[in-house]
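Mind looking at a prediction? Sequence and model below.
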Amino acid sequence: MRVLLSTIGSRGEAQPVIALAVQLQELGQEAVVCAPPDFQEWAESLGIAYVPVGPELHATAKQPTGVVPTPEQRRQMIEGTVADQFTTVGSAADGCDVIVAGGALAIAAHSVAEQRGIGYVYAAFAPVTLPSPRHAPPVFGLLGQKPADGTVDNQTLWAEDAQRWNVMWSAALNAQREAAGLAPVSDVSGHIFTDTPWLAADPTLAPWPKPSELDVLQTGAWTVTDHRRLSPELEEFLDAGEPPIYFGFGSVRVPDGIARTMITAARALGRRAILARGWAGLSLDEAAPDCLAIGEVNQQALFQRVAAVVHHGGAGTTTTAAGAGSPQVIIPQTFDQFYFAHRVDRLGIGSAHPVSDPTAGSFTAALHHVLDPRVAKTAHALAGHVRTDGALTAARRLIEKVAVLAG
């Protein structure tokens, strides 16, 4: 069996599909990942065949916050990515038996599978990204949207969301489908998600709400076991005192001056700090014995040795921190990050920061809450329920699916 795993997005989308590719290959199957070029070196170091699509994304985290593209810029980006995906994903699908689309921006994957007459699976990484009357659709904070305030029912919100998808994507998608000899689609999001999507999220941390109109298969989160050692410098810092607080925002943009604000909050509580540079290139103002700035790191190992994790609320970081039993402070900015902030707060394993630019005072208050021993005890207890077999479960189900299609 040969599988194409297609995704567009940052590490939060690329890491899960690479994890599934690794698991498929361990089960003796062929896997190809088609994703942005930022992750090619990492995937190939794991022995995964990789086809880059679209531009590098690293630079997006250093763009000024609050900048919203104009309608014309958005149209050009949409047309460009859809055309590029049809070409690149179409070529990468040669010899494949099934395509797995990871995340909603894999616009071309279903059409390519349809054109080739092969199987298709859509995988979401958070329940809130799939339609349900039990929750509102996610919002793109970077486009100026705000979370729902509860004044409009969820069914109406999802209908409005589907219309936004049509307005944004249907012209570009259907132009490419027509060129490929395919009929137009009238419901873009329904076409991408299908009625039988998979949910690659942990059922304890992020359960699918039932009853549901969709036939959702929740496999558990798709994670790669990280065997890398922590650097000698980091080990020395960890051993030099009490567990520090980790601050990191992965591949997202951050407010100006946030590094200084976070360090000030940690010091106000007498805590040391580790600052992950991330794609935004965060740095310390000056060297100090109570702070350490680090680059790429094994979060699975590090998070077991910190007092708390302060982050943006991406699915991967939230799941890793939950699995490590580390209390969390989430500062959401967009999309599923608001959902994970809510879940962490509701489960009692951390705190959701208000939807505003953080200050030293707001950071200090949030950290004071999560450093309570009762929160740490709850986080440690929940960690034992976080599954680590999500990618294996998905790989086995995918093998079964292809066998049925072939039979």
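Happy to help now that I have it.

average model confidence for stretch 9-21?
Average pLDDT, stretch 9-21: 93.

how about that stretch as CSV, C-alpha atoms only?
The C-alpha trace of stretch 9-21 is given here as CSV (Å, rounded to 0.1, in the frame of the first residue of the first chain):
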residue,chain,number,x,y,z
GLY,A,9,0.2,24.6,7.4
SER,A,10,2.8,25.0,10.1
ARG,A,11,4.2,22.4,12.5
GLY,A,12,0.8,21.7,14.0
GLU,A,13,-0.3,20.2,10.7
ALA,A,14,3.0,18.8,9.5
GLN,A,15,4.0,16.9,12.6
PRO,A,16,0.9,14.7,12.8
VAL,A,17,1.0,13.6,9.2
ILE,A,18,4.8,12.8,9.5
ALA,A,19,3.9,10.8,12.6
LEU,A,20,1.4,8.8,10.6
ALA,A,21,3.9,8.3,7.8
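
That stretch: how far from the chain's middle?
8 Å (C-alpha atoms, centre = their mean, to the nearest Å).

so residue 310 sits right up against residue 328, yeah?
Yes: if you go by C-beta atoms under 8 Å, residue 310 and residue 328 touch, sitting 7.5 Å apart. From N, CA and C alone the C-beta is placed, and that goes for glycine too.

Can you report how many residues lie near residue 79?
Using other C-beta atoms under 10 Å, residue 79 has 15 neighbouring residues.

go on, residue 110?
Neighbour tally, residue 110, other C-beta under 10 Å: 22.

Quick check: chain neighbours aside, which residue is closest to it?
Leaving aside its chain neighbours, residue 110 sits nearest to residue 120 (5.2 Å; criterion: C-beta to C-beta, 6 or more residues apart in numbering).

model confidence over stretch 387-398, on average?
For stretch 387-398, the per-residue pLDDT averages 96.

Now do the helices in this structure.
For the chain, the helices defined by DSSP state H occupy 11-26, 40-45, 71-92, 109-116, 154-179, 188-193, 232-239, 258-268, 299-302, 315-324, 337-347, 360-370, 373-383, 390-406.

I'd like to know which of these lies nearest to residue 99.
Proximity to residue 99 (C-beta to C-beta) singles out helix 109-116 among these, at 4.5 Å.

Flag every buried residue along the closest one.
109, 110, 111, 112, 113, 114, 115, 116 (16 or more other C-beta atoms under 10 Å).

Relative to residue 316, how far out is the residue nearest to residue 376 when sequence neighbours are not counted?
Nearest residue to residue 376 in three dimensions, chain neighbours excluded: residue 327, at 5.5 Å (C-beta to C-beta, 6+ apart). Distance, residue 327 to residue 316, by C-beta to C-beta, to the nearest Å: 18 Å.

Looking at the two, which one has more neighbours?
Neighbour count, other C-beta under 10 Å: between residue 327 and residue 316, residue 327 has more, with 30 against 23.

residues in contact with the more buried one?
By C-beta atoms under 8 Å, 6 or more residues apart in numbering, the residues touching residue 327 are 307, 308, 309, 349, 350, 370, 371, 375, 376, 379.

And for residue 52?
Residue 52 touches 34, 35, 36, 37, 40, 88, counting by C-beta under 8 Å, 6+ apart.

One more pass at 10 Å, please.
33, 34, 35, 36, 37, 38, 39, 40, 43, 88, 92 (C-beta atoms under 10 Å, 6 or more residues apart in numbering).

same check, this time on residue 190
With contacts defined as C-beta under 10 Å, 6+ apart, residue 190 is in contact with 131, 162, 165, 166.

On the pLDDT front, check the third one for me.
In this model, residue 165 is scored at 94, pLDDT.

what does residue 280 give?
The confidence metric pLDDT takes the value 74 at residue 280.

burial measure for it, as a count.
By other C-beta under 10 Å, the residues close to residue 280 number 23.

hmm, back to that, find the residues that touch each one of residue 310 and residue 328.
With contacts taken as C-beta under 10 Å, 6+ apart, the residues that reach both residue 310 and residue 328 are 246, 321, 350, 351, 366, 370.
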